[in-house]
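> only geometry, no sequence info:
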């Protein structure tokens, strides 16, 4: 597999495991020394970043993170990428929804196990929040919930 495809798959795995709350697989996307900067929310290592996500995007929070328009540059065993993010966070217990967009700026390193994230973070271009009670007819279903006919 070529490097750009491998890096793209790594980013997609990062997003999938974040949204499905598969924390061990999410942690495996990073090197231990990974840093993060999510619009000023700073992390100095993988453990701090993963722990924060696990505590703050855990059960009861529905998330959707999608990236597109990658700009990836590979130089030997390092790479950089910019991704356009569209995300949504729904917290049914608080009748809250957030939608937004941002640009990720990532750095990657090649390890014996394959490409891993060395730094990740984004800068928001916009963020919109909603009170779901203000959206008549809104129904939210999480994983495992089905519509019965």
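Sure thing, it's come through. Everything quoted here is computed from the prediction, not taken from an experiment.
> tell me what the longest strand anywhere in the chain is packed against?
In terms of residue count, the longest strand belonging to the chain (DSSP state E) is strand 114-131. Using 3 or more CB pairs under 8 Å, 6 or more residues apart in numbering; DSSP states H and E, the elements in contact with strand 114-131 are helix 3-19, strand 30-38, strand 78-91, strand 96-111. For the C-beta atoms, the positions are set from N, CA and C on the backbone; glycine is no exception.
> same list, these, but as CSV with distance to residue 136 please.
Listed next are those as CSV, based on distance: least, CB to CB, whole Å:
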stretch, distance to residue 136
helix 3-19, 27
strand 30-38, 33
strand 78-91, 17
strand 96-111, 14
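> residue 66 against residue 87, yeah?
Yes. Using CB atoms under 8 Å, residue 66 is in contact with residue 87, at 7.2 Å.
> higher neighbour count, those two?
residue 87 (20 against 13; other CB atoms under 10 Å).
> out of the helices and strands packed on strand 114-131, which comes closest to residue 71?
strand 78-91 (4.4 Å; CB to CB).
> now the angle from that closest one to strand 114-131?
Interaxial angle, strand 78-91 versus strand 114-131 (axes from the mean of the first three to the mean of the last three CA atoms, to 10 degrees): 30 degrees.
> who are the packing partners of strand 78-91?
Counting contacts by 3+ CB pairs under 8 Å, 6+ apart, strand 78-91 packs against helix 3-19, strand 62-75, strand 96-111, strand 114-131.
> export these to TSV and tack on distance to residue 52 and mean pLDDT?
As requested, the helices and strands packed on strand 78-91 are exported to TSV (distance: least, CB to CB, whole Å; pLDDT from 0 to 100):
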stretch	distance to residue 52	mean pLDDT
helix 3-19	11	98
strand 62-75	14	97
strand 96-111	17	98
strand 114-131	13	98
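> neighbours of the nearest residue to residue 84 once chain neighbours are set aside, how many?
Distance criterion CB to CB, 6 or more residues apart in numbering; nearest residue to residue 84, sequence neighbours excluded, is residue 69 at 4.4 Å. Neighbourhood size, residue 69 [other CB under 10 Å]: 9.
> thought residue 69 was touching residue 83?
Yes. Look at residue 69 against residue 83 with CB under 8 Å: they come within range, at 7.0 Å.
> dump the residue contacts of the nearest residue to residue 117 once chain neighbours are set aside.
Using CB to CB, 6+ apart and skipping the chain neighbours, the partner closest in space to residue 117 is residue 30 (4.7 Å). Going by CB atoms under 8 Å, 6 or more residues apart in numbering, residue 30 touches 46, 49-50, 116-118, 120.
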